[in-house]
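**Student:** output the structure for:
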Amino acid sequence: MKVNKNDGPSFPLLIFNSPPISGYPEFGRYLNETGRPIVYSCSWPAYISDPDYPAIQESCNLWRNYGDIQDSWADVLNIIDHYGDNQVHLSVAKKIYFEIAAPMQNKGTVIFSQDDFAQYAGPGNWNDPDMLIIGNFALSRDQSRVQMAVWSVLAAPLIMSNDLRDIGSEFVDILTNRNVIKINQDPIGHQGRRVFQDKVRNKLLNKRQIRKKSFFLDLSIPWWHDINRR
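**Tutor:** Residues are numbered from 1 along each chain as shown. As a prediction, the model looks like this:
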């Protein structure tokens, strides 16, 4: 069950306020009262400038905390940066929110590092960097492998945005790679963190603990955004 905006004023004066948005936990209680197993996805952190992650973790199973992914390599890189940098790389929409809505409510921009929200990921609770766009139109095979690998190290929900019957076999192979999925769904559930990046040399190193061992993902990534599909 995915719930986007819940409570608060209408767009574009979107709720960059400190108090938690009460509609999300209340809706979660209603879902629990059904007695049915339901995965509850909320966009709570996406609508406030200073998310209360302990409260979000208690109420939701997964949560979006960045803008919607678009079918582009540039967007994949922006999300990787958001999940690894020491400051937020805001989407265009969020920049508008922070520059217009937040000042009107006398709220400053709150900057988060990966450690601020990575610690709240674990079994039953996940930071959600949005869908896999593998097999759509924008990503090459190598770029698709990068997204699948990084999303798995982040212990992110692997939600496809297409139909396996309608995409090329090379993308099916990436999406169904058992070894990568096994890392993603390791029972410890620790979210990986970026430990090194050098955009000049196109190097990225992420670290994730799986079953009391440390797993390193070492990638060579072309960081320019106008890379040709190949």
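
**Student:** wait, a strand at Arg194?
**Tutor:** Yes. Using DSSP: H, G, I helix; E, B strand; the rest coil, the assignment for Arg194 is a strand.

**Student:** what about the nearest residue to it once chain neighbours are set aside, how many neighbours?
**Tutor:** The shortest distance from Arg194 to any non-neighbouring residue, by Cβ to Cβ, 6 or more residues apart in numbering, is to Gly84 (3.3 Å). Just so you know, the C-beta spots here come from the backbone N, C-alpha and C atoms, and that holds for glycine as well. For Gly84, the count of nearby residues is 22 (other Cβ atoms under 10 Å).

**Student:** and Gly84, what pLDDT?
**Tutor:** Per-residue confidence (pLDDT) for Gly84: 82.

**Student:** element containing the residue lying closest to Pro54 once chain neighbours are set aside?
**Tutor:** Computed as Cβ to Cβ, 6+ apart, the closest residue to Pro54 that is not its neighbour in sequence is Tyr120, at 7.0 Å. Applying DSSP states H and E as the criterion places Tyr120 outside every helix and strand.

**Student:** what's the burial count for Val195?
**Tutor:** Count around Val195 with other Cβ under 10 Å applied: 12.

**Student:** again, but for Asn127
**Tutor:** Around Asn127 there are 24 other residues, counting by other Cβ under 10 Å.

**Student:** residues contacting the closest residue to it other than its chain neighbours?
**Tutor:** Once flanking residues are discounted, Asn127 sits nearest to Ala121: 5.2 Å by Cβ to Cβ, 6+ apart. Taking Cβ atoms under 8 Å, 6 or more residues apart in numbering, we find Ala121 in contact with 127, 154-155, 189-191.

**Student:** so which of those is the most crowded?
**Tutor:** Ranking those using other Cβ under 10 Å puts Leu154 first, with 27 neighbours.

**Student:** that one against Asp128, yeah?
**Tutor:** No. Counting by Cβ atoms under 8 Å, Leu154 stays clear of Asp128, with 9.4 Å between them.

**Student:** give me phi/psi at the residue nearest to Ile167 when sequence neighbours are not counted?
**Tutor:** Nearest residue to Ile167, sequence neighbours excluded (Cβ to Cβ, 6+ apart): Gly135, at 3.4 Å. Main-chain dihedrals, Gly135, degrees, to the nearest 10: phi 90, psi 0.

**Student:** and Gly67, by the same measure?
**Tutor:** According to degrees, to the nearest 10, Gly67 has phi -70, psi 160.

**Student:** that one: neighbour count?
**Tutor:** Gly67: 20 neighbours (other Cβ under 10 Å).

**Student:** before we move on, back to that, the residue nearest to Pro54 and Glu58 touch, don't they?
**Tutor:** No. Applying Cβ under 8 Å as the test, Tyr120 and Glu58 come out as separate, 9.7 Å apart.

**Student:** these two: who's more crowded?
**Tutor:** Tyr120 (17 against 12).

**Student:** which residues touch the more buried one?
**Tutor:** With Cβ under 8 Å, 6+ apart, Tyr120 has these contacts: 53-54, 56-57, 127.
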